[in-house]
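K.L.:
next one to model:
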Amino acid sequence: MNFNTICVHGKENTLDPLGAVSTPIYQSATFARDQVGAGSGYDYSRLQNPTREKVETLVCNLEGGVDAVAFSSGMAATAVLMELFKSGDHIIASDDLYGGTVRLFDTISTKNGISVEYVNTSCLEALTAEIKPNTKAIFIETPTNPMMQITDIKSVSEIAKAHDLLLIVDNTFLTPYFQKPISLGADVVLHSGTKFLSGHNDTLSGFLVVNSEALSERVRFRAKTIGACLAPFDSWLMIRGIKTLSIRMEKQQENAKALVAWLGTQSQVDKVYYAGIGAMISIELNCERLAIQVLERTKLILFAESLGGTETLVTYPYRQTHADVPEAVRRAKGINEKLVRISVGLEHIDDIIADLEQAMR
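P.N.:
Numbering: from 1, shown residues only. Predicted structure coming up:
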């Protein structure tokens, strides 16, 4: 079945027993039984809920995984993911990551005795050199946030398999529409579903998609124990958002490419960071004053955290998404006072350009 069709109907294409075209919202914390040892298959919504199960199956099918587990946010998914590891374990991670991920690794994971080594995972030699006897996993973003660095997932997968390591890929920026890490050898795919999967800036969610039943059992045990599950109504919002995923990704990418071409002609823009795919762009302006001016003077484009929604958003990584990353590390990666990140939305490209043009005057 075509990806676009799965987005709309799901792979199973099963109707609700009453014929509801929109997935019902089972807004119930618990489910009654009529006898001991039998029931509907649902007991308590922290364990599973029919609406959440629907979106989990949908995301699993889109990513080509064995199972998907939905969480209350991307960070909740990451926190549960890290419970797969124990004190003394070592993880190699991309050295340009979402700041919230770095914060979790450097505080909570460190407290729990898990060490994280940050390397340029685009350089396979540098990555391989950091593998130790206690290394358990490689965690990559590609493209990275916010510098848009690319890592070869298939090549890293070969390294991971040779050393019996888990390969975890944050696929938030590209979604399974543009990139399917499991087909390239990843073991776990992480999503902040808040972003492109939802696509409407109206709900938080996170997902872990796994490539084996063994990993599914480990993740689900931790998910039900910790309890950071996605609520029924938010599950329904995710289902609704994913219906338009493919057409949103195409249009947002089209807008992004046109915007990149225009930005390349602007003398006030020193650098443009774009992966050549997707809708995320970072730009370095001539000076801090101009960066602040762009953030404060745009009218159509909203100065706000997050990304991936229908509205174009501009963000200041230095003071927002990456504020908790040590300053020396930020500057070494190019995350400075002149850098702004743009999540390109669905507005007409002429209006997006006109708004940036007036803001940079």
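
K.L.:
and residue 318, that's in a helix?
P.N.:
No: Residue 318: not assigned to a helix; according to DSSP: H, G, I helix; E, B strand; the rest coil it is coil.

K.L.:
how near is it to residue 223?
P.N.:
Look at residue 318 and residue 223: by CB to CB, to the nearest Å, they are 34 Å apart. For every residue, glycine as well, the C-beta is placed using N, CA and C.

K.L.:
so where do the helices sit in the stretch 251-361 of the chain?
P.N.:
288-297, 327-333, 349-360 (DSSP state H, counting those that start in this stretch).

K.L.:
and those helices, which one's lowest on average pLDDT?
P.N.:
Note on these: lowest mean pLDDT is at helix 327-333, with a mean of 87.

K.L.:
which residues touch that helix?
P.N.:
For helix 327-333, contacts defined as CB atoms under 8 Å, 6 or more residues apart in numbering pick out 95-96, 147, 317-318, 322, 336.

K.L.:
how about 10 Å then?
P.N.:
Identification of contacts with helix 327-333 by CB atoms under 10 Å, 6 or more residues apart in numbering yields 95-97, 99, 102, 106, 118, 120, 144, 146-147, 149, 317-318, 322-326, 335-337, 339.

K.L.:
buried ones among those residues?
P.N.:
95-97, 99, 102, 106, 118, 120, 144, 146-147, 149, 317-318, 322, 325, 335, 337, 339 (16 or more other CB atoms under 10 Å).

K.L.:
keep only those of the residues you listed that are in strands.
P.N.:
Among those, the ones falling in strands (DSSP state E) are 118, 339.

K.L.:
can you add mean neighbour count and give the helices of the stretch 251-361 of the chain back as CSV?
P.N.:
Shown next, in CSV, are these (neighbours: other CB atoms under 10 Å):
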stretch, mean neighbour count
helix 288-297, 16
helix 327-333, 14
helix 349-360, 16
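
K.L.:
closest one to residue 13 among these?
P.N.:
helix 349-360 (35.0 Å; CB to CB).

K.L.:
any idea of the angle that closest one forms with helix 288-297?
P.N.:
Per axes from the mean of the first three to the mean of the last three CA atoms, to 10 degrees, the angle that helix 349-360 makes with helix 288-297 is 130 degrees.

K.L.:
helix 349-360 packs against which elements?
P.N.:
helix 245-263, helix 288-297, strand 313-315 (3 or more CB pairs under 10 Å, 6 or more residues apart in numbering; DSSP states H and E).
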